[in-house]
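In: Next come a sequence and a model predicted from it.
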Amino acid sequence: MSAHLETAGIYVHVPFCLTRCGYCDFNAYAGLDHLASRYVGALLSEAELAAPAWEGVEVVSVFLGGGTPTTLEVADLKALLARVRSVFAVTPDAEVTIEANPDTVDEQKLAGLLEAGYGRLSMGAQSFDRSVLAALERVHQPASVIEAFRAARAVGYDNVNLDLIYGAAGETLESWERTLRETIALAPSHISAYGLTIEPATALGRQVARGDVPAPDPDLQADMFEAACCLLGDAGYGHYEVSNWARPGYECRHNLGYWERRPYVGLGAGAHGYRDGSRSWNVRPPEEYLSMIERGELPVGGSENLEPADAYLEEVFLRLRILQGIPASWVDDGRADPYLETGLLIRDDGHLVPTERGMLLLNELVLGLTG
Amino acid sequence: MDTSHIRNFCIVAHIDHGKSTLADRLLELTHAVADRDMRAQYLDRMDLERERGITIKAQAVRLTHNTYELNLIDTPGHVDFTYEVSRSLEACEGAILLVDAAQGLEAQTLANFHLARDAGLVIVPALNKIDLPAAEPDQRAKELADLLDRDPDDILRISAKTGEGVEDLLKAVIDQVPPPTGETDAALRALVFDSMFDPYRGVITYVRVQEGELPSGSRIRLMATGAESDAEETGVMAPEPMPVDALGPGEVGYLVTGLKDVHLAKVGDTITLAGKHAAIEPLPGYREPKPMVWSGLFPNEGGDYSELREALDRLKLSDSALSYEPETSQALGFGFRAGFLGLLHMDIVKERLEREFDLELIATAPNVEFHVIKGDQTTVVHNPAEMPVAGTFDRVEEPIVFATVITPKEYLGAVLDLCQSRRGELVDTTFLTPERAEVHYMLPLAEIVFDFFDHLKSNTRGYASLDYEPWGYQESDVVRVDVLLHGEPVDAFSTIVHRSKAYAYGKQMTERLRELIPRQLFDVAIQAAIGSKIIARETVKAKRKDVLAKCYGGDITRKRKLLETQKKGKARLRKVGRVDVPQEAFIAALRADAGAKKK
């Protein structure tokens, strides 16, 4: 739908974790650390295999996600970024993010990451309430988040995101507001706050299905979302995506690329890549990924070519997630009216943009607008 | 044929008291069926009958025993089919009154016994299942003897299962049941006591010739409908069809009428010969089948209205009691409002539509027929939607039945409580034996179609039995209760109930719907109302959250598919005003109500 001058992001997936959290359905594994050095080697190879297809495309962001990328050694992470920079056209000011678990980083490691070129740190804080962390099966303590965050600041990290999750069993609105205040007190440059989603194929999903754990109350989660909008807004954070807030200028460029449907390269087990209306993804099991790379093959697990209707639906549901919204001309006459009248959408400079209430009902908006 | 060697008889019995098993033994005893062809419940034709262990359509079988021609006329055994029973009885001179020696007399047996006695039949009483450990033959014999005003020693004791006493019973039938009478020379008058549609041969009737002769191939006339045709074949069931040249006075057999529409040859009609040999007077007692219970039938989601129409049209060919007319429901789409003889009949029709025509149906809660009276004008209402607004008529009358309940005395209190709570008026209570009571009540039929059987069975641990017959119409303070979603009435949930039950119905439906209606973008009021007066209200609070928390590079394909699935789901929703309602919600709300039909 749009012909940007071609810029892209690179996502690198690291599937290792210290433990597997009950709510997480990502392609992540505990107890596979022994594969780490082979895996880094495979990533280096895959970068080389993939790069020729992206010749001439400017890479403006690199994102190491997982899993827990900080389970890898600094030396490996440094080599990895160096390889990416050498085979892709990464711009000098590219945004380079690494996700970190508070328990896997100390001042020394953080200094090493910064020095290696990882200029943006995204840390999984999740909550400052012990009982919420326990309900999420997170092994860290609230104190270690504060410690890790201060360490990051101490070694010179300016751009730090904290991830939060709300709506776990037992969490109250008051507890969530305390978590928000403590987060604000640390003054990170970026905050992601996610309503807990129960994924069926997770330990938590099975507990909820059995009735051992209550499913999140959607109304309470809505209250929590509104609390986040208020408190974070008052603290000067801009709400630029459904679950993301940032100080001006600190919006995550890499993630914006997904919502604006810019191309991205996916490296690593299960990573997705997208370009020109087609998407492909690597095989998910780390061992399978390793053996394909080691045989010199691209580890493609699947792909899809988007039909115009698919592309339209994606464009609408992704762009409505961000403040930019969608051009009003994309929507059939009259479809937007009920939502404009009820204050779920506003019209801004020829665009339809969801309000905060509208963001909470985004699926309804998407279905209503696309018919 | 010498009529002195003919015996026409039937078996009057409650469901499960062993009628079909006794028929099997009689077939064996008279060598009517070769051993290798014998199967259990031989005479129950339709799969449905054999599975449910009940007989829907009457059948007549000719047995031959020591120079006697014995015609066993199998009667339907359910309260819905009282009229059909009465016509079958008209074809007989005698009846075996078969009672389970463990269970004793049941309400239905009693009702059919009264019918048989009123029809002038000679009663041959027998206790069955005497081989059962729980059998109490002495007590049951006394009970029966009291009823019949006979000596307990006259009551035969048999086991249809083992065959014990069956030959004596057959002998008793021959000795006690009188032979039929009737002049061969008289104008033909033959009673149609059953009628069915065969896809290959058209309408086949079962007839009892009262007088005159019905030759194969003659031109016949049905006196009630006026239909005439060339009869293709006369015959007897022995028990497989066996053509005969003619059926004479007193004889029972089948007639392939040559007609293509079963409504031209209804149960109770009189067949005579066309032309100058026609009889003048038909046999007495003909009655049009009259639906008592009505329900809306709609194709399930994605189902086809025209398929349902075709299925009903075909079913009607073999079921002259079924009637229906097109109905449009804003909630359920196009369908039919169908009339049935009773709840069992309704159940059978629904099951046949689903089984034989592979349809999935939604049925609205059954209701009875009301008479709305203004001045000297009476409007018949059998669809709640047609009920006029209060204040525009003088009064409403509802059907009342005379109900008989037989119950062990320890449950008598429970039975009285139930009937009382269903607006019943006690007529009398008598004791058949010191342990078993017979209760008569005047009950509104509307109360019976509304889960009465379920409660009767559960309140008496299955021991009580019920029978009822129409009594007439009676003024009643009934009201139409509408259910509204966000101010819009949902026609499928409208019902007509007595004013004293309106609040409970309204509360039950609104509460149930609150659980079933998905949350919308606005608060949805669910209200029950009588006219403009709201009697119950629930609210489905507006949905506030429906969003994917995370959507990054690796999530997009999966989330898009999720949205596509939601989109398909949304397309299947039905709109009631502004409210989107999944069809499952309608079905679930209606299903809970329809519990009345499970017995």
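Out: Thanks, I have it. Numbering: from 1, shown residues only, chains lettered A, B, ... in the order given.
In: Report the central residue of chain A.
Out: Centroid-nearest residue in chain A, with CA atoms, centre = their mean: residue A:255, separated by 6.7 Å.
In: actually chain B, not the one I typed
Out: The residue at the geometric middle of chain B, judged as the C-alpha nearest the mean C-alpha position with CA atoms, centre = their mean, is residue B:345 (3.1 Å).
In: Just to be sure, that one is in a helix?
Out: Yes - membership of residue B:345 in a helix is supported by DSSP: H, G, I helix; E, B strand; the rest coil.
In: what's the distance between it and residue A:35?
Out: For residue B:345, the distance to residue A:35 under the criterion CB to CB, to the nearest Å works out to 71 Å. For every residue, glycine as well, the C-beta is placed using N, CA and C.
In: need the contact list for the residue nearest to the centre of chain A.
Out: A:63, A:241, A:244, B:552 (CB atoms under 8 Å, 6 or more residues apart in numbering or on different chains).
In: where along chain B do the helices fall?
Out: In chain order, chain B shows helices spanning B:19-29, B:47-52, B:82-90, B:107-118, B:137-148, B:166-176, B:305-317, B:343-356, B:412-421, B:445-449, B:452-459, B:499-516, B:556-571, B:583-593, with DSSP state H as the criterion.
In: Could you name the helices and strands sitting against the shortest one?
Out: Right, helix B:445-449. When contacts are defined as 3 or more CB pairs under 8 Å, 6 or more residues apart in numbering or on different chains; DSSP states H and E, helix B:445-449 packs onto strand B:395-408, strand B:465-475, strand B:495-498.
In: now these in CSV, with mean neighbour count?
Out: Formatted as CSV, the helices and strands packed on helix B:445-449 follow (neighbours: other CB atoms under 10 Å in any protein chain shown):
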stretch, mean neighbour count
strand B:395-408, 21
strand B:465-475, 17
strand B:495-498, 22
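In: thinking residue A:365 is in contact with residue A:342, fair?
Out: No - proximity of residue A:365 to residue A:342 does not meet the contact threshold set by CB atoms under 8 Å, at 10.7 Å.
In: So which of the two has more stuff around it?
Out: Set residue A:365 next to residue A:342 and count neighbours by other CB atoms under 10 Å in any protein chain shown: residue A:365 wins out with 26 against 15.
In: what about the more buried one, which helix or strand?
Out: Secondary structure from DSSP states H and E places residue A:365 in helix A:362-370.
In: Spell out which residues of the stretch 451-599 of chain B are next to chain A.
Out: By the rule CB under 8 Å from any CB of the partner chain, the part of the stretch 451-599 of chain B lying against chain A is B:521-522, B:541, B:543-554, B:556-557, B:559-560, B:563-564, B:566-567, B:570.
In: if I look at the residue nearest to residue B:403 when sequence neighbours are not counted, how far off is chain A?
Out: Nearest residue to residue B:403, sequence neighbours excluded (CB to CB, 6 or more residues apart in numbering or on different chains): residue B:468, at 4.1 Å. Per CB to the nearest CB, to the nearest Å, residue B:468 is found 45 Å from chain A.
In: Counting neighbours, what do you get for the residue of the stretch 151-300 of chain A found nearest chain B?
Out: Residue nearest to chain B within the stretch 151-300 of chain A: residue A:222 (3.8 Å; CB to the nearest CB). When neighbours are defined as other CB under 10 Å, residue A:222 has 20 of them.
In: And residue A:116, by the same measure?
Out: Based on other CB under 10 Å, the number of other residues close to residue A:116 is 19.
In: Remind me what the host helix or strand of residue A:274 packs against, helices and strands.
Out: Assigned by DSSP H and E, residue A:274 belongs to strand A:272-275. With contacts defined as 3+ CB pairs under 8 Å, 6+ apart, the secondary structure elements packing on strand A:272-275 are strand A:7-14, strand A:264-267, strand A:278-282, helix B:556-571.
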